[in-house]
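A.B. asks: sharing a sequence plus its predicted fold:
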Amino acid sequence: MRKPLPIVLLAIVLGYGAAGMARAEEEAKTPPHQQWPFEGVFGTYDRAASQRGYQIYKEVCSACHPVKHLYFRDLEELGYTEDQVKGIAAQVQVSDGPNDQGEMFQRPARPSDKIPGPFPNDQAARAANNGALPPDLSLITKAREGGSDYVYALLTGYKDAPAAFKMNPNMYFNEYFAGHQIAMPPPLTQPDQVKYADGTQSTLPQMAHDVVSFLSWSAEPNLDERHRIGFKVILFLLIASGVFYAAKRKIWSRVH
Amino acid sequence: MAVPPASTPASGLSRLVRWIDYRLPVFSLLEHELVVYPTPKNLNYWWNFGSLAGIILVIMIVTGVVLAMHYTPNADLAFDSVERIMRDVNYGWLLRYIHMNGASLFFLIVYIHMFRGLYYGSYKYPRELLWILGVVILLLMVATAFMGYVLPWGQMSYWAATVITNLFSAIPVVGNKIVTLLWGGFTVGNPTLNRFFSLHYLLPFIIVAVVGLHLLALHQHGSNNPLGIDHRGPQDTIPFHPYYTVKDSFGLCVALLVLALFVFYAPNFFTSPDNYIPANPMVTPNHIVPEWYLLPYYAILRSITFDFLGIPSKLLGVLLSLGSLIVLFFVPWLDTSRVRSARFRPVYRWISWILVIDVIALGYVGSQPPAGFVVTLGQVSTFYYYLHFLVLMPLIGKLERPHPLPISIGTAVLEASGQLGAARTAERH
């Protein structure tokens, strides 16, 4: 138990170079930059796109991926009304209890419940996915180099493997994934895979864009407020700097 | 704040102030150390960074205490509790982002503050202990920051804890016992997280205590100054208030502006995305890097790829990495020059800037996978770092011919502003 660790560490710390060179040709492609409305000083999330993204999450992604850190109540931030959120929650059964008889029971979810994932535990998730563990998506855009651009590139980056490339069974070729082999089958495959409630044409780039909007919000739900407060704070500090600089000049004029 | 002279007609408040001050002289102390405190009149903006560091320390403690109210130091709950702070605690995201980015700003400020000390010879007689206390503060900061980085219990937290605590196993005989003690078990786990949290809360208050001693030592002989010559009387100094309170306030606003830009517009700039993945002992991130402010030490650690004089490479790496900080304790005696300020030291002036380049090179090396050119650069930079302190500093002090020093601060300041003639007739201080 104790012996392998220093060896592992030595391999990481000193041997990384060799591994790095060997892997270089399979290095993930840098995801191209996309235009996101939440970038920049005044950037905010696009509520409509995020709602459509939530619909894609619900109908496609949620078959395998949880959003562990989200509650149903959080969806109100996407522009759903309180009643709509109650309705969304009530469609899902969650386990509660124990009741007075000491038994666990199923009941419709409430807005105060966490959005339940598709599997009861990681082992069940692996068993259902050829041994691969579908990661939690609620922080995914912050947990990957490249963030939102990366997730978008990954979703739209599936290709047929080059003839010379040796694929393992149950793996899919994707240039944006480190090693180019990903266990996730292409999740968004054809236009109109999802019938948008608001009538938006669900093309492939549109769906990828929308679901990334949703996931970006879920990773950083306070971004709008952060940008809003930040602008005021910086304005205040700029003025304060100016005032103090003027005061400094005035007071120091007695010395020079 | 000012204690009214006895002749002032006593209002209610000042009578209370005097009543207290007679028994507990806090008001006199503040008056003496923050208001009339005679400060060289020629301090430049490099002298802003000391008070700035003190204020950032307070910001870190205040945000940290509030974060600790919501944080759960348990290996199964820590990651989720941090996410809860980010999502559900009122302004929790703001507190955490200030605390995260404040750490980077704190180190940036302290490194500039230290370079200021090195450049202007602030560690020389009679300020040797002042400098040494500063190095003690840096060591405590490094330990505190490292343990703080572990608390969110993400992938980088976990693996940084594993790599760094494992370094102690390089110590002969007792190494493995120390590692077990640090871990509270046979692997990094819940007991490790618990003791790191406890120490992360404790050490900042020890830093506050050492900062108190640092200030005590500072105020004994007063600030050094860009000329590095002693002040000879009231014509060389000005009271701390209002001159330096207003200058420091301006500096504080600029520093907060920098902090705000990161907190509000690039809050995860300094963090690895891996730390938003919960700790997983079964999966090693393919590139373990510490925070930027620890990269030079990490680079030195990894640069030693060979055994030397029978010392295994790992132990030597640990010794040299720690030694890069320990050597700073001896700087007051390694520098043999009697002139403080690099302004009058034509050679030292250059090598002090080369040291900056060297440390930045080390930082770059620490951030890169150690292969090929990077390894060589790391070894050369490590060698130069020690060469600077152990050879160049003592040697240049002996061989260099410094420029003549000005007679006094007052004359130098007035010469610079071309007012010497006018000022001689109308002395204003």
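C.D. replies: Great, that's in hand.

A.B. asks: any low-confidence regions in the stretch 51-200 of chain B?
C.D. replies: Residue ranges of the stretch 51-200 of chain B with pLDDT under 70: none are present.

A.B. asks: where exactly do the helices run in it?
C.D. replies: B:78-87, B:92-119, B:128-150, B:155-167, B:175-183, B:190-221 (DSSP state H, counting those that start in this stretch).

A.B. asks: nearest to A:His180, out of those?
C.D. replies: Nearest to A:His180 among these is helix B:155-167; the distance by C-beta to C-beta comes to 22.0 Å. C-beta here means a position set from N, CA and C on the backbone, and glycine is covered the same way.

A.B. asks: give me the number of residues near residue 147?
C.D. replies: Looking at chain A here, since you left the chain open. A:Gly147 is flanked by 21 other residues according to other C-beta atoms under 10 Å in any protein chain shown.

A.B. asks: wait, chain B was what I had in mind.
C.D. replies: B:Met147: 23 neighbours (other C-beta under 10 Å).

A.B. asks: ok, it touching B:Ser198?
C.D. replies: No - counting by C-beta atoms under 8 Å, B:Met147 does not reach B:Ser198; the two are 9.2 Å apart.

A.B. asks: gap between the residue lying closest to B:Gly410 once chain neighbours are set aside and B:Lys41?
C.D. replies: Here the nearest residue to B:Gly410 in space, its sequence neighbours aside, is B:Gln235; by C-beta to C-beta, 6 or more residues apart in numbering or on different chains that works out to 4.2 Å. Going from B:Gln235 to B:Lys41 by C-beta to C-beta, to the nearest Å gives 9 Å.

A.B. asks: quickly list what's touching both of these two.
C.D. replies: B:Gly410 (C-beta atoms under 8 Å, 6 or more residues apart in numbering or on different chains).

A.B. asks: and those two? Which one has more around it.
C.D. replies: Neighbour totals were compared for B:Gln235 and B:Lys41, and B:Lys41 leads with 22 against 18 (other C-beta under 10 Å).

A.B. asks: what's the distance between the more buried one and chain A?
C.D. replies: Note on B:Lys41: its distance to chain A, by C-beta to the nearest C-beta, to the nearest Å, is 6 Å.

A.B. asks: quick one: residues contacting A:Asp113.
C.D. replies: A:Tyr71, A:Phe72, A:Ala89, A:Val94.

A.B. asks: please tell me how far the closest residue to B:Ser367 other than its chain neighbours sits from B:Ala103.
C.D. replies: Once flanking residues are discounted, B:Ser367 sits nearest to B:Leu295: 5.4 Å by C-beta to C-beta, 6+ apart. Remark: distance between B:Leu295 and B:Ala103 (C-beta to C-beta) = 14 Å.

A.B. asks: same question for B:Leu52.
C.D. replies: From B:Leu52 to B:Ala103 the distance is 14 Å (C-beta to C-beta).

A.B. asks: what of B:Tyr71?
C.D. replies: The spacing between B:Tyr71 and B:Ala103, counted by C-beta to C-beta, is 15 Å.

A.B. asks: what segments of chain B are strands?
C.D. replies: With DSSP state E as the criterion, chain B has strands at B:38-40, B:237-239.

A.B. asks: Throw the ones you listed into CSV and include mean neighbour count, thanks.
C.D. replies: CSV is the format used below for the strands of chain B (neighbours: other C-beta atoms under 10 Å in any protein chain shown):
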stretch, mean neighbour count
strand B:38-40, 19
strand B:237-239, 20
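
A.B. asks: tell me how far the spatially most central residue of chain B lies from chain A.
C.D. replies: Nearest residue to the geometric centre of chain B (C-alpha atoms, centre = their mean): B:Val110, 2.9 Å. Distance, B:Val110 to chain A, using C-beta to the nearest C-beta: 22 Å.
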